[in-house]
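**Student:** mind looking at a prediction? Sequence and model below.
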Amino acid sequence: MLGSNQTSSAVKEFIITGFLGYRDQESRRYLFGVFLTVYLFILVGNILLIAIFLSDRTLHTPMYILVCGLAVLDIAITTNTVPSMLVLFTFEYRVVPFAGCFTQTTFWLGLCSTECFLLALMAYDRYIAICNPLHYPNLMCNSLITKLMLCCWVVGFLCAIVTVAVLLRLSFCGSNQITHCFCDFGSLMFLACGDIQITNYVALGIGLSVLLIPLAFILFSYVQIIFSVIKIASTEERTKAFYTCGTHMLVISVFFLTVAIRIPGTSVDTRIMVLIIQNVFPPLTNPVIYCLRTKEIRKSFHKMMKKIKTCNRQ
């Protein structure tokens, strides 16, 4: 039965209930349509970015390797959560095995942490390119940037694994009902039995470190970039530098602002929706930002479309 407590034995599975106020079939059908459309846009936009990068060898530079890495991350983040949400919207609730729920939480934390570090690496790349342009080819080669991206993934998932491991030390012997659209860390910690104070401190410490350290590094890098750009004598070079950095700052702002948004005193459904928007909004906007604001990607896109048209004619 939905919402039942398992007080006599350890929890073996979790019940995802979704939105409290949207349990009727019509509302669930509407939510299914909206999130399926958003997910398809995310897939098409980010896969298109990856295809453009792979098809044009002139884009095989550190900056665009990072853009491609961000697109891969955006696909992974939404694929980890949105398909399971679509299943939930199809039915009234969804039953998830204990191991499956913690696996989804681990991937969600790991992928989001990795994106924080990757955005910091993108800021560092722009800092070297603008503040030390003569040394850029030596300092930021393709092989090095690939290794640094791998480090972002390793550190991001290490943070996630440690956080989830601390939570797994607790027992789950009470309610198995998660009022959310997927298995998230906060909901699982709320269901844990016993004293969660230490777990809360560890999770808060790791979470703030993952969020604030990259953010501080990004802000430092772009402050240095602004001072360097101001000193550039050529108006054309200054405009180009601001244009390139503006694209990155827009992507960074979208990610960190959506992560930071919290609306106190609101309903459970509103808090769930805010968390979902944090999950899907950055992956949805990143391809649009790069395709509209980056000349090289627009040119490569036109080249790719011409090749496709030529092949179709033949």
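**Tutor:** On my side now, so go ahead.
**Student:** which SS state does residue 14 fall under?
**Tutor:** When classified by DSSP: H, G, I helix; E, B strand; the rest coil, residue 14 comes out as strand.
**Student:** test my guess that it contacts residue 101.
**Tutor:** Yes. Using Cβ atoms under 8 Å, residue 14 makes contact with residue 101 at a distance of 4.8 Å. Just so you know, the C-beta spots here come from the backbone N, C-alpha and C atoms, and that holds for glycine as well.
**Student:** who touches both of these two?
**Tutor:** Here residue 14 and residue 101 share the contacting residues 178, 183, 188, scored by Cβ atoms under 8 Å, 6 or more residues apart in numbering.
**Student:** now tabulate these in JSON lines and tack on distance to residue 197 and pLDDT.
**Tutor:** Output for the shared contacts of residue 14 and residue 101, formatted as JSON lines (distance: Cβ to Cβ, whole Å; pLDDT from 0 to 100):
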{"residue": "178", "distance to residue 197": "21", "pLDDT": "86"}
{"residue": "183", "distance to residue 197": "22", "pLDDT": "89"}
{"residue": "188", "distance to residue 197": "16", "pLDDT": "89"}
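**Student:** mind putting those into a markdown table with secondary structure and distance to residue 208?
**Tutor:** Output for these, formatted as a markdown table (DSSP: H, G, I helix; E, B strand; the rest coil; distance: Cβ to Cβ, whole Å):
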| residue | secondary structure | distance to residue 208 |
| --- | --- | --- |
| 178 | strand | 24 |
| 183 | coil | 22 |
| 188 | helix | 19 |
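**Student:** now, which of those residues sits nearest residue 286?
**Tutor:** residue 183 (24.6 Å; Cβ to Cβ).
**Student:** count the neighbours of the closest residue to the closest one other than its chain neighbours for me.
**Tutor:** Nearest residue to residue 183, sequence neighbours excluded (Cβ to Cβ, 6 or more residues apart in numbering): residue 101, at 3.9 Å. Per other Cβ atoms under 10 Å, the neighbour tally for residue 101 reads 24.
**Student:** against residue 170, how distant is residue 101?
**Tutor:** 14 Å (Cβ to Cβ, to the nearest Å).
**Student:** give the other helices and strands that the worst-scoring helix or strand of the chain on mean pLDDT contacts.
**Tutor:** Here the helix or strand of the chain ranked lowest by mean pLDDT, DSSP states H and E is helix 235-260, holding a mean of 72. On a contact count with 3 or more Cβ pairs under 8 Å, 6 or more residues apart in numbering; DSSP states H and E, helix 235-260 meets helix 98-131, helix 197-231, helix 268-293.
**Student:** if you count neighbours, what's buried in the first one?
**Tutor:** The one in question is helix 98-131. 98, 101-102, 104-131 (16 or more other Cβ atoms under 10 Å).
**Student:** how close does the most centrally placed residue in the chain sit to residue 216?
**Tutor:** Nearest residue to the geometric centre of the chain (Cα atoms, centre = their mean): residue 112, 4.7 Å. Using Cβ to Cβ, residue 112 is found at 18 Å from residue 216.
**Student:** so how far is the helix or strand encompassing residue 297 from its chain's centroid?
**Tutor:** Assigned by DSSP states H and E, residue 297 belongs to helix 295-313. Computed by Cα atoms, centre = their mean, to the nearest Å, the chain-centroid distance of helix 295-313 equals 29 Å.
**Student:** now the angle from it to helix 235-260?
**Tutor:** Orientation check (axes from the mean of the first three to the mean of the last three Cα atoms, to 10 degrees): helix 295-313 against helix 235-260 gives 90 degrees.
**Student:** other SSEs contacting helix 295-313?
**Tutor:** helix 25-55, helix 62-90, helix 268-293.
**Student:** relative to helix 295-313, how tilted is the second one?
**Tutor:** For helix 62-90 and helix 295-313, the angle between their directions (the same axes, to 10 degrees) works out to 70 degrees.
**Student:** quick check: angle from helix 62-90 to helix 25-55?
**Tutor:** 160 degrees.
**Student:** got phi/psi on residue 184?
**Tutor:** Torsion angles at residue 184 (phi, psi; degrees, to the nearest 10) stand at phi -110, psi 160.
**Student:** what about it, how many neighbours?
**Tutor:** 20.
**Student:** from residue 26, how far off is it?
**Tutor:** Separation of residue 184 from residue 26 (Cβ to Cβ): 26 Å.
**Student:** ok now stretch 83-97, how far from the chain's centre?
**Tutor:** 21 Å.
**Student:** and stretch 146-163, by the same measure?
**Tutor:** On Cα atoms, centre = their mean, the centre of stretch 146-163 falls 14 Å from that of its chain.
**Student:** mind listing what's buried along it?
**Tutor:** 148, 149, 152, 153, 155, 156, 157, 159, 160, 163.
**Student:** fine, thanks again, bye for now.
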